[in-house]
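>>> What follows is a predicted protein model with its sequence.
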Amino acid sequence: MLKTALCRTWLSSKTSFNTFGRRCFGHGNVSVDLQSDTGIATVTLSEPPVNSLSGEFLTSISKTMKELSADSSVSGLLITSKFHGKVFSAGLNILEMYNKSDSYLGEFWRSVQEWYIDTYNFPKPVVAAINGHAPAGGCAFALMCDYRVLLDGKTIGLNETQLGIAAPFFFTYLMSSTIGIRQAELALANGTMFSSDQALQANLVDEVVPLDLVIPNAMNQLQKMIKIPQPAFSLSKGQFRGPNVKKLLGEREEDIATFVGLLQKPYVQKVLGKYLENLKNRKK
Ligand code: CO8
């Protein structure tokens with residue numbers, strides 16, 4: 001693949017652009033391909049098999065977002081998945097929430113909060129090329145971006161109630177600020193997974209396109225967004241997002257305690273165990 005070739009030579013250098021005008025680097029299973037001419041960084045989520053978000057993977061994402069936010073040569077981000085045509089992200093790694101101690105769960109949730117803060121608060125344009133299914137945390141990830149292009153035929157939604165848990169308040173805000181309070185309330189209570197057509201109709205995503213157009217259309221939108229004068233873009237974005245981020249920053253410890261308390265309830269562990277078992281048995 002051309003992209004692989006373009007990036008292979010730059011792996012040798014984290015700080016300078018290679019002969020193709022690209023700088024390629026990454027943290028853990030997150031890889032970044034930065035184009036010198038546009039300042040656009042393509043961030044590819046590459047955690048096998050389905051980009052489920054473990055604490056370690058979330059930390060790699062946060063580290064990447066912090067680095068790209070501080071890099072003045074970066075104009076905007078395109079976020080996509082290595083598992084093109086299959087899965088954008090399967091959401092939080094359920095194994096991280098099953099049969100774990102309070103302190104383990106607490107640290108895991110801290111990494112979830114950090115990921116949300118770094119991604120939702122990212123000051124430059126971010127476009128999601130959702131090239132596969134995006135349940136739960138995968139949907140939240142897309143909602144943290146500024147624009148969403150979804151692959152036709154894939155599903156997206158906050159289905160947490162189906163797992164016996166309720167999405168955290170900052171996920172509910174992501175949904176209600178995108179599709180409106182009434183529709184968000186219904187969707188979250190029912191754990192609705194939207195088909196691509198339903199997602200477009202509800203304004204949960206901005207475009208639904210075939211596979212070969214997911215990345216080009218996302219890139220096209222990003223190219224328009226990076227032309228908007230800075231810092232006007234980030235000031236405008238911050239007016240909508242700042243209060244929600246500030247709320248979480250002020251309540252992090254209580255939010256962690258709420259999460260741990262909910263996850264340690266025997267009925268929640270029972271439903272999670274059953275859900276994991278069903279996931280494994282689906283293929284049989
Ligand atoms: N976590 C851990 N493992 C997972 C997850 C996950 N989220 N999703 C899939 N896997 C595993 C499967 O068990 C399977 O494992 P194995 O190979 O060992 O059998 C492997 O990944 C591959 O999965 P599939 O075979 O199912 O792959 P497909 O390509 O057929 O399907 C899907 C991909 C559609 C993504 C499918 O795997 C799926 O539906 N996964 C579950 C998605 C889901 O429901 N996620 C919810 C996560 S919870 C969350 O994000 C928010 C929690 C908020 C908590 C708030 C409390 C206050």
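The structure has been received and is ready for your questions.
>>> What parts of the protein come near the ligand?
Contact residues, the chain versus the ligand (CB under 6 Å from any ligand atom): 49-50, 52, 86-87, 90-95, 133, 135-137, 159-160, 163, 165-168, 259, 262, 279-280, 282-283. Any C-beta I mention is one placed from the backbone N, CA and C, and that applies to glycine too.
>>> Remind me what the helix or strand containing Gln239 packs against, helices and strands.
Using DSSP states H and E, Gln239 sits within helix 232-250. Contact partners of helix 232-250 among helices and strands, from 3 or more CB pairs under 8 Å, 6 or more residues apart in numbering; DSSP states H and E: helix 102-120, helix 169-179.
>>> Quick one: residues in contact with that helix.
113, 116-117, 120-121, 123-125, 146, 169-170, 173, 177, 225, 255 (CB atoms under 8 Å, 6 or more residues apart in numbering).
>>> just the buried members of those?
Among the contacts of helix 232-250, those that count as buried by neighbour count (16 or more other CB atoms under 10 Å) are 113, 116-117, 120-121, 124-125, 146, 170, 173, 225, 255.
>>> which two from those end up farthest apart in space?
Met225 and Asp255 (30.6 Å; CB to CB).
>>> Helices of this protein, residue ranges please.
In the chain, the segments counted as helices under DSSP state H are 2-8, 55-70, 102-120, 137-143, 169-179, 181-190, 196-201, 211-225, 232-250, 252-263, 266-281.
>>> Point out the most buried one among those.
Of these, the one with the most neighbours on average (mean count of other CB atoms under 10 Å) is helix 137-143, at a mean of 27.
>>> which helices and strands does that one pack with?
Using 3+ CB pairs under 8 Å, 6+ apart: helix 137-143 touches helix 102-120, strand 126-130, strand 156-157, helix 169-179.
>>> one step back: tabulate the helices and strands packed on helix 232-250 (JSON lines), appending mean pLDDT.
Formatted as JSON lines, the helices and strands packed on helix 232-250 follow (pLDDT from 0 to 100):
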{"stretch": "helix 102-120", "mean pLDDT": "98"}
{"stretch": "helix 169-179", "mean pLDDT": "98"}
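>>> Adding distance to Phe141, write the ones you listed out as TSV.
Below are those laid out as TSV (distance: least, CB to CB, whole Å):
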stretch	distance to Phe141
helix 102-120	7
helix 169-179	9
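>>> Show me the one of the ones you listed that comes nearest Gln230.
Per CB to CB, nearest to Gln230 of the helices and strands packed on helix 232-250: helix 102-120, 18.0 Å.
>>> how big is the angle separating the closest one from helix 55-70?
30 degrees (axes from the mean of the first three to the mean of the last three CA atoms, to 10 degrees).
>>> Determine the set of other helices and strands touching helix 102-120.
The contact analysis (3+ CB pairs under 8 Å, 6+ apart) places helix 102-120 against helix 55-70, helix 137-143, helix 169-179, helix 232-250, helix 252-263.
>>> Out of the helices and strands in the protein, which is least certain?
When each helix and strand of the chain is scored by mean pLDDT, DSSP states H and E, helix 2-8 comes last, with a mean of 56.
>>> any idea of the mean pLDDT for the helix holding Gln239?
In this model, helix 232-250 has an average pLDDT of 97.
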